[in-house]
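**Student:** Build me a model from this:
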Amino acid sequence: MKIDIDRVAVVTPETNIGDLVLFHPQTAQILYDIGMHCLGCPASGAETIEEAASVHGVDLETLVTLLNRKITEK
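**Tutor:** Numbering: from 1, shown residues only. Reported below is the predicted structural model:
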């Protein structure tokens, strides 16, 4: 039996990257494109979207918007 639980229904600055990529793997390309080339490393999985935006010099609001659009695409 498959249980489909989406713990990341909406991306916020506090969203954990590990959870985001686990539940929405299609977001990995966006994160990779902003310079997160180590998505598989333990440190990146524990970061928040806000921390990633800060470290990679990306506008937080823009990143959150892009990620939310991606997870709601059909």
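
**Student:** Any stretches of this protein with poor pLDDT?
**Tutor:** Scanning the chain for pLDDT under 70 picks out 1-6, 74.

**Student:** Give me the residues contacting the biggest helix by length in it.
**Tutor:** Ranked by number of residues, the top helix in the chain under DSSP state H is helix 60-72. With C-beta atoms under 8 Å, 6 or more residues apart in numbering as the test, helix 60-72 has contacts from 8, 10-13, 15, 20, 24, 26-27, 30, 34, 49-50, 52-54. In short, each C-beta sits where N, CA and C put it, glycine included.

**Student:** Quick one, which of the residues you listed are buried?
**Tutor:** For these, a burial check counting by 16 or more other C-beta atoms under 10 Å picks out 8, 11, 15, 20, 24, 27, 30, 34, 49, 52-53.

**Student:** so which strand or helix has the nearest residue to Asp59 once chain neighbours are set aside?
**Tutor:** In space, and not counting its chain neighbours, Asp59 is closest to Ala53: 6.9 Å by C-beta to C-beta, 6 or more residues apart in numbering. Using DSSP states H and E, Ala53 sits in helix 49-55.

**Student:** who are the neighbours of that helix, in terms of helices and strands?
**Tutor:** Secondary-structure packing of helix 49-55 (3 or more C-beta pairs under 8 Å, 6 or more residues apart in numbering; DSSP states H and E): helix 17-23, helix 60-72.
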